[in-house]
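Participant: This is a predicted model, with the sequence first.
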Amino acid sequence: MNQTVGLVWNPSKIEEAELRQAVDAALTEAASDAQVRWFETTKEDPGQGAAAAALADGCDIVVAAGGDGTVRAVAEALGGSGSPAADLGIVPLGTGNLLARNLDVPLGDIKAAFTRVLTEQPRPLDLGSARLSFADGSQADHAFVVMVGFGIDAHMIVETDDDLKAKAGWLAYVESLGRAAAETEVVEFSLTLDDGEAVPEQAHTLLIANCGTIQGGMTLLPDAQPDDGELDLLVLRADGAAAWLDTMRNLVWDNGLKRILTGADRAESSESTEHLRARSVRAELPQPHAFEVDGDDFADVTAFEVRILPAALRVR
């Protein structure tokens with residue numbers, strides 16, 4: 001089948017010549033006659049505009065070649081309407097590469113990743129949608145493929161040092177969380193799940209996820225599946241040394257080694273850690289707070305609504 005592939009690539013991540021060489025090698029290996037058209041991202045356009053241009057140019061596969069920000073931008077352009085505009089491919093070139101990790105896309109091997117785009121059958125992928133309200137009264141809509149939230153989020157847990165993890169194993173997360181604990185305060189907010197009533201909540205972290213695996217291969221939200229049509233929530237309430245130890249036990253033992261040994265099919269909550277599921281989430285914060293969308297920071301958020309768009313994407 002003659003395919004037209006739009007390659008949306010981030011020039012800050014790789015030299016064009018190196019990327020073209022790997023793409024040509026993948027086309028040869030896959031014995032593919034696909035036409036590849038190139039669309040470069042810029043600081044002003046991290047990928048939405050480039051992906052839209054690829055669609056307008058008739059591409060039936062659009063590949064995000066870059067980091068998590070590029071993948072999120074392309075996914076937003078392809079699935080923001082709630083139905084796939086074209087197949088999504090991923091060539092991971094960032095440091096986190098979180099969606100690629102959750103989908104077992106080869107890391108550090110551009111040819112292998114692009115070969116999979118050319119040869120694999122597409123499968124459905126859910127897309128998250130977040131509407132943020134800011135202290136100045138403005139609002140903004142953003143799509144996501146991995147997770148959003150506030151507190152100890154991607155800038156702490158997701159970016160745990162891979163070199164340290166290779167040497168120290170799960171203790172690397174203790175180091176990461178330990179650095180965060182000193183800077184984290186429990187906040188009060190209201191939380192509404194689906195069509196339920198708003199309930200008062202106290203926590204320092206709320207993560208809302210489409211995928212559960214973070215950098216280093218640790219599964220933070222073990223129930224999260226990227227194609228199940230649901231969002232998975234992690235509420236962390238640890239405040240003090242004993243509570244932090246309970247949080248680490250829950251993450252590493254209850255929902256890590258113990259889950260593997262027993263074959264448990266549901267995440268286990270604890271006194272300081274709660275796992276929830278919903279299709280839509282709303283929260284209101286009494287004070288402006290920083291909020292994260294797939295690794296991108298947004299300041300002065302006072303409320304947010306998050307929902308899942310089931311099968312809004314097709315991914316290779």
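Facilitator: Structure received.
Participant: show me what contacts Phe114?
Facilitator: Contacts for Phe114 were tallied using Cβ atoms under 8 Å, 6 or more residues apart in numbering; they are 22-23, 26, 63, 89, 91. C-beta: built from backbone N, CA, C; applies to glycine.
Participant: cool, and Lys13?
Facilitator: Residues 65-67, 70, 93-94 are the ones in contact with Lys13 under the rule Cβ under 8 Å, 6+ apart.
Participant: thinking again about what came up before, what is the most widely separated pair among the contacts of Phe114?
Facilitator: Using Cβ to Cβ, those reach their maximum pairwise distance at Ala22 and Gly89, which is 13.4 Å.
Participant: More neighbours: which of these two?
Facilitator: Neighbours per residue (other Cβ atoms under 10 Å) separate Ala22 from Gly89, with Gly89 holding more: 26 against 20.
Participant: how about the more buried one, secondary structure?
Facilitator: Recorded secondary structure, Gly89: strand (DSSP: H, G, I helix; E, B strand; the rest coil).
Participant: Can you give me every residue that contacts it?
Facilitator: With Cβ under 8 Å, 6+ apart, Gly89 has these contacts: 5, 61-64, 114, 116-117, 315-316.
Participant: The residue lying closest to Ala73 once chain neighbours are set aside: how many residues sit nearby?
Facilitator: Spatial nearest neighbour of Ala73, chain neighbours left out: Gly47 (2.9 Å); criterion: Cβ to Cβ, 6 or more residues apart in numbering. Residues contacting Gly47 under the criterion other Cβ under 10 Å number 28.
Participant: mind listing what Gly47 touches?
Facilitator: Applying Cβ under 8 Å, 6+ apart as the definition, the contact partners of Gly47 turn out to be 8, 10, 41, 64, 66, 69-74, 77.
Participant: about what we covered before: could the contacts of Phe114 go into a markdown table alongside pLDDT and distance to Val281?
Facilitator: Output for those, formatted as a markdown table (pLDDT from 0 to 100; distance: Cβ to Cβ, whole Å):
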| residue | pLDDT | distance to Val281 |
| --- | --- | --- |
| Ala22 | 98 | 39 |
| Val23 | 98 | 39 |
| Ala26 | 98 | 39 |
| Val63 | 98 | 31 |
| Gly89 | 98 | 29 |
| Val91 | 98 | 31 |
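Participant: Between those, which sits nearest Arg249?
Facilitator: Set against Arg249, the nearest of these by Cβ to Cβ is Val91 (37.7 Å).
Participant: Look up how far Thr4 lies from the residue nearest to the closest one when sequence neighbours are not counted.
Facilitator: On the basis of Cβ to Cβ, 6+ apart, the spatially nearest residue to Val91 that is not a chain neighbour turns out to be Ala65, at 4.0 Å. Relative to Thr4, Ala65 is positioned 16 Å away (Cβ to Cβ, to the nearest Å).
Participant: Those two: which is more packed in?
Facilitator: Comparing Ala65 with Thr4 by other Cβ under 10 Å, the one with more neighbours is Ala65, at 30 against 16.
Participant: can you pull up the bridge partners for that one?
Facilitator: Listed beta-bridge partners, Ala65: Trp9, Val91 (assigned using DSSP bridges).
Participant: for stretch 100-111, how far is the first residue from the last?
Facilitator: 14 Å (Cα to Cα, to the nearest Å).
Participant: Likewise for stretch 266-277?
Facilitator: Its start and end residues considered, stretch 266-277 measures 11 Å (Cα to Cα).
Participant: now do stretch 264-277
Facilitator: Where stretch 264-277 starts and where it finishes are 17 Å apart, if you go by Cα to Cα.
Participant: List the buried residues for that stretch?
Facilitator: Of the residues in stretch 264-277, those buried by neighbour count under the rule 16 or more other Cβ atoms under 10 Å are 267, 270, 272-277.
Participant: Distance from the chain centre to the helix or strand where Ala26 lies, please.
Facilitator: Counting by DSSP states H and E, the element that carries Ala26 is helix 16-29. If you compare the mean C-alpha spot of helix 16-29 with that of the full chain, they lie 27 Å apart, counting by Cα atoms, centre = their mean, to the nearest Å.
Participant: okay, the angle between that helix and strand 87-92?
Facilitator: Calculated by axes from the mean of the first three to the mean of the last three Cα atoms, to 10 degrees, helix 16-29 forms an angle of 120 degrees with strand 87-92.
Participant: pLDDT value on Arg131, please?
Facilitator: Model confidence at Arg131, given as pLDDT, is 98.
Participant: and it, what is it in contact with?
Facilitator: Contact analysis of Arg131 by Cβ under 8 Å, 6+ apart lists 139-141, 304-306.
Participant: related to what we said a few turns ago, next one: phi and psi at the residue nearest to Ala73?
Facilitator: In terms of degrees, to the nearest 10, the main-chain angles of Gly47 are phi 150, psi -20.
Participant: Give the full set of residues in contact with Ala143.
Facilitator: When contacts are counted by Cβ under 8 Å, 6+ apart, Ala143 is found next to 72, 75-76, 79-80, 127-130.
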